[in-house]
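In: Sequence and predicted structure below; questions after.
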Amino acid sequence: MRTRNTNARVRLSRRLGVVGLALCLTAAVGCRQDMHDQAKYEALEASTFYADGKAARDLVPNTVPRGFLRADQAYYTGLDASGQGIPGFPMDTLKANWGGNADELSDQEFTRVVLRRGQQRYGMFCTPCHGRVGAGNGMIVQRGFKVPTSFHDERLRTSPPGYFYNVMTEGFGQMSSYARQITPEDRWAIAAYVRTLQFSQSVRTADLNPSDLQRLDEPPAADDHGAGGHGAAGSDSGGHGAAGGDHGAAGDPAAEDPTAGNHGGDHQTDAQAGVPAGE
C-alpha cells in the first residue's frame, strides 16, 4: 500500500512539473512576442496623437532635404525645358559632381574616366537585358523575358543622350526606374557608353583617322584576357560592356587616377569613344 502511494506521488509530481514547465514556456513566448510587436509607429500607420490621424509627419513646406535640391533640370532629368532629351553631355557639371580629383584631369582624360565607369556600370546593370553590345539579347531575354529594342535601331541611334538618361531615371515600358540603384553621375556615364556601343557597331572606316585604323589591325593586348578590345564590331564576345579586370592601359592617366575606379581594360581611341571631350 505504501509503495502504491509513493508511486502515485511521483507521477503527480512529474505531471505538475510538466504543467509548470509549459506555463513557463508560455510566459517566455509571450514576452518574446511583446518584443516583436514593439510599441512604435510603422510606416503609414494611423495615429490618434495628431489631428490629421497620421503617424508620419509631412515635410515642412517649401523645404528640400540637404543634397536633393536638383535645381539643374537638364542634368537631373536629361530633359530640356520643352521635355525633350538634351542633345549633349553636361560634362562640366558631371566633372564638378564626380568627386575625387576629377578637376585635375584634362577634358580628354576625364572623358576616358567617364567611359570606363560607364562600361563597368553598363556591365553590372544593363547587360542582363540589353546584352554586351546593346543588341537586346541579354541573358534573361534568352530565357523568355521581353526583347528590348536594340540600341542600334535607327530610332535609338539618333536619340539624344538625354533620352537614355531620362529612361534610366524614370523607366520606360517594362523597364523600371533605376534612379535608386544608379547615381546621376553613373547614369550619364552609362549613356556615354551606350553612345560608344552605337558608334562601334556603325562606324565607317572613312570616319577613322590613320592611327585608329592602325589600332584596329593590332592584336588585343595581353591584359584584355581575350576581350577583343573595342575596335571589333558585331559580336557580343567583342568585349563591349565587359566589366571585369583592373587592367588600365600603361601610362594612361585615367587608369592611374583614383576617380576611374576598378573598371575593365580600356583601349579606346577618341574616335571610338563617340563622346568628344568637353561636349
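Out: Looks like it came in fine. Numbering: from 1, shown residues only.
In: for this protein, which spans come out with low pLDDT?
Out: Counting by pLDDT under 70, the chain contains low-confidence residues at 1-8, 10, 12, 25-35, 222-279.
In: Find the centremost residue of it, please.
Out: Per CA atoms, centre = their mean, the C-alpha nearest to the average position across the chain is that of residue 182, at 3.8 Å.
In: Please tell me I have it right and that residue contacts residue 165.
Out: No - assessed by CB atoms under 8 Å, residue 182 is found out of contact with residue 165, at 10.1 Å. C-beta coordinates here come from the backbone N, C-alpha and C atoms, glycine included.
In: Give the residues shared as contacts by the two.
Out: Shared contacts of residue 182 and residue 165, defined by CB atoms under 8 Å, 6 or more residues apart in numbering, are absent.
In: returning to what we had before: tell me who's in contact with the residue nearest to the centre of the chain.
Out: 121, 125, 168, 190.
In: Can you tell me how far it is from residue 125?
Out: 6 Å (CB to CB, to the nearest Å).
In: Show me the common contact partners of these two, please.
Out: With CB under 8 Å, 6+ apart, residue 182 and residue 125 have common neighbours residue 190.
In: CA atoms only for the helix or strand hosting residue 194, dumped as CSV, please.
Out: Taking DSSP states H and E as the definition, one finds residue 194 inside helix 184-202. Extracted in CSV, the C-alpha atoms of helix 184-202 (Å, rounded to 0.1, in the frame of the first residue of the first chain):
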residue,chain,number,x,y,z
PRO,A,184,23.0,60.6,-61.7
GLU,A,185,26.8,60.6,-62.5
ASP,A,186,26.7,56.9,-63.3
ARG,A,187,23.6,57.3,-65.4
TRP,A,188,25.4,59.8,-67.6
ALA,A,189,28.4,57.5,-67.7
ILE,A,190,26.2,54.6,-68.9
ALA,A,191,24.5,56.9,-71.5
ALA,A,192,28.0,57.8,-72.8
TYR,A,193,29.0,54.2,-73.0
VAL,A,194,25.8,53.4,-74.9
ARG,A,195,26.7,56.0,-77.4
THR,A,196,30.1,54.3,-77.7
LEU,A,197,28.5,51.0,-78.4
GLN,A,198,26.3,52.5,-81.1
PHE,A,199,29.3,54.1,-82.7
SER,A,200,31.3,50.9,-82.6
GLN,A,201,28.6,49.0,-84.4
SER,A,202,28.0,51.6,-87.2
